[in-house]
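Trainee: Just the structure for this:
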Amino acid sequence: MTHALPQVDRLSRTFTQLLSSTRRGARLARLLAVIELRTWGVPQDLTERAELVVAELAANAVLHGLVPGRCFRLTLVFDPAAGRITVEVTDARGELYPQDPPADAEPEALRPGGRGLLLVAALADHWAAVPHPPGGKTVRAELSTP
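Mentor: This next block holds a predicted model:
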C-alpha cells in the first residue's frame, strides 16, 4: 500500500537565522526580517505589521528568554497564496512562557514595560507559545492580509 505524501507549496518562502541574544541581535532580527519580506514582494502593510511583531518577539527573547551563551532563532514563512506570514522566535528558556494579556487590562501610564504582547495580539491574527525541545520555547505569530 502506498501513502500519498503531502505536497509542499513550492511558492512558500522560508527564512531562518540564529542571532545573538543581545540588543544588537534583536535589532538585526528586525532589519533582516524587513529585507527578506521586501525581497519576497510581501505587501507593504503586511511587512510593516510583521516588522513590529518581529521587533517585539526578538526583544522578549533577549530580555526574558536569555540563557548565557545561547542564541535565539528567527524564522519567517510567507505563503503568498494565502497572504499569510508566520513569525517564529525560539529562545532557550522553556520554563518561562509569555502570558496572554488580560482583555480588560488598563494600561498604566508610568509602567515601564509589559505592553509588547498587547501590541503582538493587536497586530497578529493569532499568536501562541509552544515548547521547543529540549528546553526552549517558540513564540509564533500569524499575520495575514485583510
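Trainee: now the closest residue to Leu123 other than its chain neighbours: how far from Ala81?
Mentor: Excluding the flanking residues, the one nearest Leu123 by CB to CB, 6 or more residues apart in numbering is Arg49, at 4.7 Å. In this view, the C-beta of every residue, glycine as well, is placed from N, C-alpha and C. Per CB to CB, to the nearest Å, Arg49 is found 19 Å from Ala81.
Trainee: which residues touch the residue nearest to Leu123?
Mentor: Arg49 sits next to 123-124, 143 when contact means CB atoms under 8 Å, 6 or more residues apart in numbering.
Trainee: Could you check how far it is from Arg30?
Mentor: As judged by CB to CB, Arg49 and Arg30 stand 13 Å apart.
Trainee: So which of the contacts of Arg49 are in helices?
Mentor: Using DSSP state H, the subset of the contacts of Arg49 located in helices is Leu123.
Trainee: out of the contacts of Arg49, which one sits closest to Phe15?
Mentor: Ranked by distance to Phe15 (CB to CB), these are led by Leu143 at 14.8 Å.
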